[in-house]
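Q: Coordinates for the following, if possible.
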Amino acid sequence: MGIYLDHAATSPLRPEIKELIAQLQNAELGNASSRHSYARVAKRVIDDAREEIASILKVNYSNVVFTSGGTESDNLALYGTVRSNLEVSINGPITEIVVSEIEHRAILNSAAEVGKVFNVPVKKISVNSDGVVTKDSLTAVLESGDSKTARKLVSVMASNNEIGSVQPTETIYSQLKSINENNVFHTDAVQGAGWLDMVTIVKNADMVSFSAHKLGGPVGVGLLIVKDGIKLMPQIIGGGQQRQRRSGTNDVISAAAMAMALKLNADKDLSHFYDMKRKFLNDIKAQIANVRETVPNELSVDGMCHITVDGVNGEELLFLLDDNNLAASAGSACSSGSIAPSHVLMAIGAQEFGSAFIRLSFGWSTTQNELDEAVLILKKCVDKLRR
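A: Numbers count the residues shown, from 1 in each chain. As a prediction, the model looks like this:
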């Protein structure tokens, strides 16, 4: 088995969650919406999962909405809010959608589509060369137009999925509400949940997206935390499950796995990852010439190292790393088939010709021995390409 340093794309399934899934697959679970004993067992599992999540994130039981993953959560947050506020809002319609220019495509593309469908303008907040939303760029967008009366829906991610830069979501939330308390703030915490304080993130947002597979849970289940007072129109229409916000027969096993993934993540001590990352980056730079961090270590999450390697081709380097049993990536797995510079690198002015951009991300299964070995493999592959 090789060395897996692509936790930012997906984290391997934790053994505790594998065991939970196996147990529930052997249980006699009915449809939680039915009224017999089998249904009651299923409903209890879902209720327990929702209560566990609410307790971890310090929200109300009713704030938890299960989805199929981060992309659906992001889409529901934008589509559901804008449509609901156009049709039934007592605070007036959403008149503007605001996103950062380095959001995940699940936000950028859905914002563009929602804006087109509902004729709502979309504005973008620029970032600096470190990939961080600045106060000036934020102020320029938030305080434009009739900001005191117009309602904005703002979505800025907790940390970037490609370069790891941490965004000032608490500041954004505070400024947004000080301008107009009826503004709505959503944050995509899919990537940040494994490395940042989830309770603080949730506290300073009206809606927050999560995904289990970034935390060692299964692919295909996520969350949208929706605070009291936020109205959502559903995207999936049917039996009205989950308080009319997301219809469909509840996935009992996925709900339980999502809760366990959050709990295991909330219980872990992140401090050792800070030390691991610092040593890893220092070792790389000491052994390989002309390598630098794309984003300074202190401005990015502890589980992700995005580096620029001069004098080599990115696609060739990734191929060689894989051939030497080291799994890494160039950036977002959702756009891995593209050879063009990503929108994130273009936004920070880092699309340099003749340089490779590599994302090495670690998680619950990563060991110090693996990172030490990864440095040697990376050096071997870079040296070969430079020769």
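
Q: helices or strands up against the lengthiest helix in the chain?
A: Counting residues, the longest helix found in the chain (DSSP state H) is helix 37-57. Here helix 37-57 touches strand 64-67, helix 198-203, helix 252-267, going by 3 or more Cβ pairs under 8 Å, 6 or more residues apart in numbering; DSSP states H and E. Where you see a C-beta, it was placed from the backbone N, CA and C, and this is true even at glycine.

Q: Distance check, residue 189 against residue 243.
A: 21 Å (Cβ to Cβ, to the nearest Å).

Q: Equivalent analysis for residue 138, please.
A: Residue 138 sits at a distance of 33 Å from residue 243 (criterion: Cβ to Cβ).

Q: Tell me where the model's unsure across the stretch 51-200 of the chain.
A: Residues of the stretch 51-200 of the chain that meet the criterion pLDDT under 70 lie in 88-90, 145-149.

Q: Residue 237 contacts residue 246, doesn't it?
A: No: at 9.8 Å, residue 237 and residue 246 do not qualify as touching, with contact defined as Cβ atoms under 8 Å.

Q: ok, those two, which is more surrounded?
A: Legend: neighbour count by other Cβ atoms under 10 Å for residue 237 and residue 246, higher for residue 246 (24 against 11).

Q: Same question for the residue nearest to the spatial centre of the chain, what's its three-state structure.
A: Closest to where the C-alpha atoms of the chain average out (Cα atoms, centre = their mean) is residue 190, at 2.0 Å. Per DSSP: H, G, I helix; E, B strand; the rest coil, the secondary structure class of residue 190 is coil.

Q: which non-adjacent residue is nearest it?
A: Distances taken as Cβ to Cβ, 6 or more residues apart in numbering place residue 70 nearest to residue 190, at 3.8 Å, with adjacent residues excluded.

Q: roughly how far apart are the one you found and residue 161?
A: Between residue 70 and residue 161 the computed distance is 9 Å (Cβ to Cβ).

Q: Common neighbours of those two, please.
A: Jointly contacting residue 70 and residue 161 under the rule Cβ atoms under 8 Å, 6 or more residues apart in numbering are 104, 190.

Q: Residue 85 contacts residue 94, correct?
A: Yes: taking Cβ under 8 Å as the definition, residue 85 is a contact partner of residue 94 at 4.6 Å.

Q: gap between the two ends of stretch 5-17?
A: Distance between the two ends of stretch 5-17: 20 Å, counting by Cα to Cα, to the nearest Å.

Q: What lies in contact with it?
A: The contact list for stretch 5-17, computed with Cβ under 8 Å, 6+ apart, reads 4, 161, 164, 191, 194, 213-219, 257, 260-261, 264, 303-304, 326-329, 333, 359-366, 370, 374.

Q: Give me the distance from it to the chain's centre.
A: Relative to the centre of its chain, stretch 5-17 is centred 14 Å away, using Cα atoms, centre = their mean, to the nearest Å.

Q: Also stretch 134-143?
A: How far stretch 134-143 lies from its chain's middle: 23 Å, per Cα atoms, centre = their mean.

Q: Restrict it to CA atoms and write it as CSV.
A: The C-alpha coordinates for stretch 134-143 follow below in CSV (Å, rounded to 0.1, in the frame of the first residue of the first chain):
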residue,chain,number,x,y,z
THR,A,134,-9.4,41.4,2.5
LYS,A,135,-11.3,44.0,4.5
ASP,A,136,-11.2,46.6,1.6
SER,A,137,-12.5,44.1,-1.0
LEU,A,138,-15.2,43.0,1.4
THR,A,139,-16.3,46.5,2.2
ALA,A,140,-16.3,47.5,-1.5
VAL,A,141,-18.9,44.8,-2.3
LEU,A,142,-21.0,44.7,0.9
GLU,A,143,-21.4,48.4,1.1
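
Q: Name the residues of that stretch that come out as buried.
A: By 16 or more other Cβ atoms under 10 Å, the buried positions in stretch 134-143 come out as 137, 138, 141, 142.

Q: TSV please, covering those and showing distance to residue 103 and secondary structure.
A: Formatted as TSV, the buried residues of stretch 134-143 follow (distance: Cβ to Cβ, whole Å; DSSP: H, G, I helix; E, B strand; the rest coil):
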residue	distance to residue 103	secondary structure
137	14	helix
138	14	helix
141	14	helix
142	16	helix
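
Q: Nearest to residue 271, out of these: which one, please.
A: Of all the buried residues of stretch 134-143, residue 138 has the smallest distance to residue 271: 30.2 Å, by Cβ to Cβ.

Q: So that closest one is in contact with residue 174, correct?
A: No: the criterion here is Cβ under 8 Å, and residue 138 misses it with residue 174 at 10.8 Å.

Q: Let me see the mean pLDDT of stretch 226-239.
A: Stretch 226-239 carries an average pLDDT of 93.

Q: So which residues make contact with that stretch?
A: Applying Cβ under 8 Å, 6+ apart, the contact partners of stretch 226-239 are 33, 59-60, 62-63, 65, 72, 75-77, 79-81, 83-85, 87-89, 184, 205-207, 244-249.

Q: Show the buried residues in the residues you listed.
A: Here, 16+ other Cβ under 10 Å leaves 59, 63, 65, 72, 75-77, 79-81, 83-85, 89, 184, 205-207, 245-246, 248 buried among the contacts of stretch 226-239.

Q: Return the distance of stretch 191-209 from the chain's centre.
A: Taking the mean of its C-alpha atoms, stretch 191-209 sits 9 Å from the chain's own mean (Cα atoms, centre = their mean).

Q: and that stretch, which residues are buried?
A: 191-196, 198, 201-202, 204-209.
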